[in-house]
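Chemist: Got a sequence here, can you model it:
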Amino acid sequence: MKVRLVTDGGSRGNPGKSASAALVFDEGGHLIAREGRCIGTATNNEAEYTALIIGLELCKELGATDVKHHSDSALVVNQMSGKWKAKQKPLIKLNWKAAELEQCFGSVRHQWVGSGNEFVEEADSLVNQCLDMGEGIKWIQPKVAV
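Modeler: So this is what the prediction gives:
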């Protein structure tokens with residue numbers, strides 16, 4: 001199954017109270033899963049990486065084989081694509097964890113999208129909901145028997 005993964009992370013303060021969110025869409029563009037998670041005190045870049053990890057975990061849970069990842073974080077996209085090197089210890093650890101999860105799929109492609117993208121804005125909204133409520137949100141579309 002091919003999916004599109006859209007992620008966003010945010011921090012109120014840098015570092016500060018942070019949350020991460022991931023949305024998973026099927027090939028038809030239908031939302032099939034989403035998760036937002038409060039992650040405590042973190043930097044914005046740590047929240048962005050954590051969003052990718054949450055998203056890859058969701059994709060794995062759904063049985064995805066190919067993932068096209070969209071993010072407004074140039075840092076995460078370029079580091080995961082191998083164009084830039086992760087240099088800070090916390091980001092190196094998150095980069096390794098995401099790279100390890102990528103091994104669960106036939107392919108993972110990372111693409112930068114501007115913050116004005118409607119799907120990234122939806123992920124950003126989920127980040128803010130989590131921060132406002134102080135708790136996580138998870139939803140996965142129930143599988144329909146055929």
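Chemist: Please make it C-alpha for all contacts and neighbour counts, starting now.
Modeler: OK.
Chemist: ok now the longest helix along the chain, how far from the chain's centre?
Modeler: What stands out as the longest helix in the chain, according to DSSP state H, is helix 44-62. In terms of Cα atoms, centre = their mean, to the nearest Å, the centre of helix 44-62 is found 4 Å from the chain centre.
Chemist: Quick one: list the elements packing against it.
Modeler: Applying 3 or more Cα pairs under 8 Å, 6 or more residues apart in numbering; DSSP states H and E, we find helix 44-62 packed against strand 2-13, strand 16-25, strand 31-42, helix 74-80, helix 89-102.
Chemist: what angle sits between that helix and strand 31-42?
Modeler: On the basis of axes from the mean of the first three to the mean of the last three Cα atoms, to 10 degrees, helix 44-62 is oriented at 140 degrees to strand 31-42.
Chemist: any weak-confidence spans in this protein?
Modeler: By pLDDT under 70, the weakly predicted segments of the chain are 143-146.
Chemist: mind checking how far Leu94 is from Glu118?
Modeler: For Leu94, the distance to Glu118 equals 26 Å [Cα to Cα, to the nearest Å].
Chemist: Next: Asn128.
Modeler: Asn128 is 15 Å from Glu118, by Cα to Cα.
Chemist: more neighbours, these two?
Modeler: More crowded of Asn128 and Glu118, by other Cα atoms under 10 Å: Asn128, with 22 against 11.
Chemist: give the contact list for that one.
Modeler: Under the criterion of Cα atoms under 8 Å, 6 or more residues apart in numbering, the neighbours of Asn128 are 10, 19.
Chemist: Check the secondary structure at it for me.
Modeler: The three-state label given to Asn128 by DSSP: H, G, I helix; E, B strand; the rest coil is helix.
Chemist: and the spatially closest residue to Leu31 that is not a sequence neighbour, what is it in contact with?
Modeler: Nearest non-adjacent residue to Leu31, counting by Cα to Cα, 6 or more residues apart in numbering: Phe25, 4.4 Å away. If a contact means Cα under 8 Å, 6+ apart, then Phe25 has 3-5, 31-33 as its contacts.
Chemist: How about Cys130?
Modeler: Contacts of Cys130 (Cα under 8 Å, 6+ apart): 19, 36-38, 136-137.
Chemist: One more: Ser71?
Modeler: By Cα under 8 Å, 6+ apart, the residues touching Ser71 are 6-8, 77, 110-114, 120.
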